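1. sequence and computational prediction follow.
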2 protein chains.
Amino acid sequence: MYSHFNELKDKKSSLESPKKLLSIIDYIVRSPQGVSVADVAKNFSMSISNAFKYMKLLEEYGFVVKDQSKKYIPGFKLVDLGSIVLRRVGLRDIARPHLFDLAAKTHQTVNLVVRDGDWAVYVEKIECAESMPLMSRIGMQMPLYSTSFGKAILAWLPSEELQEYLSRVKLVKRTNKTITEPQKLVEHLKQTRQRGYAIDDEENEYGVRCVGAAILNHDGKPVGAVSIAGSKNKLTAKLIKRYASLITYCAMEISKKLGYKGSNEFCPNQSFS
Amino acid sequence: MYSHFNELKDKKSSLESPKKLLSIIDYIVRSPQGVSVADVAKNFSMSISNAFKYMKLLEEYGFVVKDQSKKYIPGFKLVDLGSIVLRRVGLRDIARPHLFDLAAKTHQTVNLVVRDGDWAVYVEKIECAESMPLMSRIGMQMPLYSTSFGKAILAWLPSEELQEYLSRVKLVKRTNKTITEPQKLVEHLKQTRQRGYAIDDEENEYGVRCVGAAILNHDGKPVGAVSIAGSKNKLTAKLIKRYASLITYCAMEISKKLGYKGSNEFCPNQSFS
DNA sequence: AAGAGTATTTCATAAGGTGAAATACACCAT
DNA sequence: ATGGTGTATTTCACCTTATGAAATACTCTT
């Protein structure tokens, strides 16, 4: 049985079939080798005939297509829709030239994320030929508490908002370096803010270090962040220092374009001022 | 009333509510300023209470989120799913370094498309600071008969397949330069094949010229194409010649990586050999 | 040619999608 | 504060429609 569907299955008798459809979409997208009608029927414990109708509908709308072996694979409809959604992120267009700059100067993977509730979502990722392959992907969400970009965002949040965040979110160990004690995190964020940039030293993925800086909007709120990611071996303390000044400058340039006035008097509720 | 939904409404009594859900997703994605529950109810002629349930479901699954003004806007779930689908396109990873090369050499927008039935779909788009803004977008589908990349694909198709395509597809004028007579198109494709690359001279969008070259797989079938797009003014005949040789080389390099053996004896059913 | 697996179609039944109405909520003007 | 308007959310009984069984068509193997 497909787990995601079951998790949400408890809330009964409210648009069960549309709910099933969304779960099927998810299932198909995450099935690398394609799915058959029988697979869908099995995974969602429904009849073949019914599963068939769902696939027919998804095919009609371009969400799935049949490949050579007659298995259903995701069509490009989702790519199209996702790409339209991504276009709405105005920050992306503003930031892109600056990100290319940064990538050219550092020859590392450069990411742009926006805050999405208690998460950060990648909206741009620039890879260089030399940069190490990472599991990150545009549209992917990452926790705020463990990532360089997320910690940059948290560090520039008004203290009440940070406290609310900490009361809502459980800090889970992603590696054994992840900070999971709220007190420690608050202290760490205080240092981050004083320093001007955030560091992720294998707190998400072993072997990966990142430097991140927050992007602030017209009233000083952190709406996103920029990060540079690289392998633990390459990103030495010295190099991090160098990248930190580049990324801080880059993030500030973007912030200015969003109307940020470059100082603290417009942001009275800061955590550490 | 939202048109797309109506078009497909005729096929009755088969997963009507899941169908409605897909139409609502489409509607929300294409509503730039966000939608309210009332908007959805109105556009799909349903009760407010019911529209609300659809929005609740979509919110639960991350397909929509509420913005500051409490309007529903698309969430990042679609970006995530679209991005996973895009990852499945192996050609994309193989081609990307070559595309960057091409973009660096030409300072124009470089596109990668794959064939998707009777359409070509953008799977990569590299823009340069200097390049003109175009309406193309990753995931967007374009006709084969009017675009440089599409005509490159058609020109390398076995003649029976080309005939089948022409019998299926109506050639619609996108601009007054679009070739809409099948005979003329076949003749044009013959020239294209002899030349080695395809040209789109304002056949899709006024003011835009493109050069395209097909990517051939291990058995010589065109699975996609590369294109360079630029403004009519900049892309002079001379520059097109220069770009043509670059793009033909680029497409061939990619084809070789797909296992193409670089000559015609492996492809006996070609249209014009 | 037979057989096994899969895909489609048909159809009666019960699950659940539906809108009316009631309630709660938010915002604006007085 | 107070009332009013527009929107969001919940509840509930009806009847549309989503559902699986079974029959049929379609592909592959053997």
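-> Right, received. Where do you want to start? Given the structure is predicted, the values throughout are model-derived calculations rather than measurements. Residues are numbered from 1 along each chain as shown, chains lettered A, B, ... in the order given.

2. how many residues are close by residue A:107?
-> 13 (other C-beta atoms under 10 Å in any protein chain shown). (C-beta placed from N, C-alpha, C; glycine too.)

3. which ones are touching it?
-> Residues counted as contacts of residue A:107 (C-beta atoms under 8 Å, 6 or more residues apart in numbering or on different chains) are A:128, A:130-131.

4. relative to residue A:209, how far out is residue A:176?
-> According to C-beta to C-beta, to the nearest Å, residue A:176 and residue A:209 sit 15 Å apart.

5. comparing the two, which residue is more hemmed in?
-> residue A:209 (25 against 9).

6. what helix or strand does that one sit in?
-> Using DSSP states H and E, residue A:209 sits within strand A:208-216.

7. neighbouring strands - and their directions - for that strand?
-> When pairing is defined by DSSP bridges, strand A:208-216 lines up against strand A:198-201 (antiparallel), strand A:222-231 (antiparallel).

8. contacts for the shortest one next, please.
-> Put plainly, it is strand A:198-201. Outside strand A:198-201, the residues that touch it by C-beta under 8 Å, 6+ apart are A:146-152, A:155, A:177, A:192, A:208-214, A:225, A:227, A:232, A:240.

9. at 10 Å what do you get?
-> With contacts defined as C-beta atoms under 10 Å, 6 or more residues apart in numbering or on different chains, strand A:198-201 is touched by A:142, A:146-156, A:175, A:177-178, A:188-189, A:191-192, A:208-214, A:225, A:227, A:229, A:232, A:235, A:237, A:240, A:244, A:247.

10. distance to DNA strand C and neighbour count added to the contacts of residue A:107, as a markdown table?
-> Listed next are the contacts of residue A:107 as a markdown table, based on distance: C-beta to the nearest atom of the strand, whole Å; neighbours: other C-beta atoms under 10 Å in any protein chain shown:
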| residue | distance to DNA strand C | neighbour count |
| --- | --- | --- |
| A:128 | 42 | 14 |
| A:130 | 44 | 10 |
| A:131 | 40 | 19 |
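
11. and of the residues you listed, the nearest to chain B?
-> Nearest to chain B among the contacts of residue A:107, counting by C-beta to the nearest C-beta, is residue A:128 at 9.2 Å.

12. give me the pLDDT for the residue lying closest to the closest one once chain neighbours are set aside.
-> Ranked by C-beta to C-beta, 6 or more residues apart in numbering or on different chains and with sequence neighbours excluded, the top spatial neighbour of residue A:128 is residue A:107, at 5.0 Å. pLDDT for residue A:107: 90.

13. the residue in the stretch 51-200 of chain A positioned nearest to DNA strand D and residue B:71, how far apart?
-> Nearest to DNA strand D, among the residues of the stretch 51-200 of chain A, is residue A:53, at 5.9 Å (C-beta to the nearest atom of the strand). Note on residue A:53: its distance to residue B:71, by C-beta to C-beta, is 33 Å.

14. so is stretch A:53-60 next to chain B?
-> Yes. With C-beta under 10 Å from any C-beta of the partner chain as the criterion, chain B is reached by stretch A:53-60 at A:53-54, A:56-58, A:60.

15. what are the ranges of the helices in chain A?
-> A:3-7, A:16-29, A:37-43, A:48-60, A:77-87, A:90-106, A:148-155, A:159-168, A:182-195, A:237-257 (DSSP state H).

16. counting contacts, what elements does the third one pack onto?
-> Contacts defined by 3 or more C-beta pairs under 10 Å, 6 or more residues apart in numbering or on different chains; DSSP states H and E place helix A:37-43 against helix A:16-29, helix A:48-60, strand A:72-74.
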